[in-house]
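J.: this one's structure only:
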């Protein structure tokens, strides 16, 4: 699957691991962006560089590309319990993507490698380098090209961390919806991984189709527009 937009910024509604279909996909209200884990990390996470806002953002995307959920937790900043749950769901999704990539490679050999390829590019890193950075005391904003709203970072005990709501592109009133969606995707990917292990998908294409179907079903269920009373056949008056 080759749908791609910038994986950084305001339009990001949800970051979705779709490792074995060629992406960790960011599901927006009109687009998908890719950020895929390229390998199963070692048991010891890499130490993120949080000494500078740009390096912190690079560390975050490098951790996503490497499937390093623990480093993602270190970089993202939660300011309340709802945001903590969002981070937890997101890291569950990264772990599900790791597992998915591994079982795809084990089951489908070279075809599994092809659908588990990474999508973090040199262009993404250069976009961070070129971003406009403004530091005001313990707070900073990073304005990326093509994005309407900057990313916000805070320095806590000398370390810069990225607000999870900016990274996910969601407002407080939709945190519960997004968290449930991300957790649902993690669960769906784990289900497909189990099915791959049990031999229920003869080919890599079958596994890819299964993940896509689950993702689209969950998207439709979560982001279905609310029905207005005047549009409801049960309440419509002649």
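T.: Structure's in. What do you need? Keep in mind it's a predicted model, so treat the numbers as computed, not measured.
J.: Let me know the distance separating residue 70 from residue 102.
T.: Noted for residue 70: a distance of 17 Å to residue 102, by Cβ to Cβ, to the nearest Å. (C-beta placed from N, C-alpha, C; glycine too.)
J.: Now tell me which helix or strand of the chain has the poorest mean pLDDT.
T.: strand 32-34 (a mean of 31; mean pLDDT, DSSP states H and E).
J.: Who are the packing partners of the helix or strand just after that strand?
T.: Downstream of strand 32-34, the first helix or strand assigned by DSSP states H and E is helix 53-66. Applying 3 or more Cβ pairs under 8 Å, 6 or more residues apart in numbering; DSSP states H and E, we find helix 53-66 packed against helix 69-75, helix 122-130, strand 132-136, strand 139-143, strand 151-156, strand 159-163.
J.: tell me which residues in helix 53-66 are buried?
T.: Across helix 53-66, burial judged by 16 or more other Cβ atoms under 10 Å covers 53-54, 56-66.
J.: now stretch 216-226
T.: 218-219, 222.
J.: pLDDT (mean, whole number) over stretch 157-168?
T.: In this model, stretch 157-168 has a mean pLDDT of 89.
J.: Span of that stretch from start to end?
T.: Stretch 157-168 stretches 24 Å from its first residue to its last (Cα to Cα, to the nearest Å).
J.: Including pLDDT and distance to residue 140, could the buried residues of helix 53-66 go into a markdown table?
T.: Shown next, in a markdown table, are the buried residues of helix 53-66 (pLDDT from 0 to 100; distance: Cβ to Cβ, whole Å):
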| residue | pLDDT | distance to residue 140 |
| --- | --- | --- |
| 53 | 95 | 4 |
| 54 | 94 | 9 |
| 56 | 94 | 9 |
| 57 | 91 | 10 |
| 58 | 90 | 14 |
| 59 | 90 | 15 |
| 60 | 87 | 14 |
| 61 | 83 | 17 |
| 62 | 83 | 19 |
| 63 | 84 | 19 |
| 64 | 80 | 20 |
| 65 | 76 | 23 |
| 66 | 78 | 24 |
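J.: which of those residues lies closest to residue 177?
T.: The nearest member of the buried residues of helix 53-66 to residue 177, counting by Cβ to Cβ, is residue 64 at 21.6 Å.
J.: ok so, going back, tell me which of residue 70 and residue 102 has more neighbours.
T.: residue 102 (21 against 16; other Cβ atoms under 10 Å).
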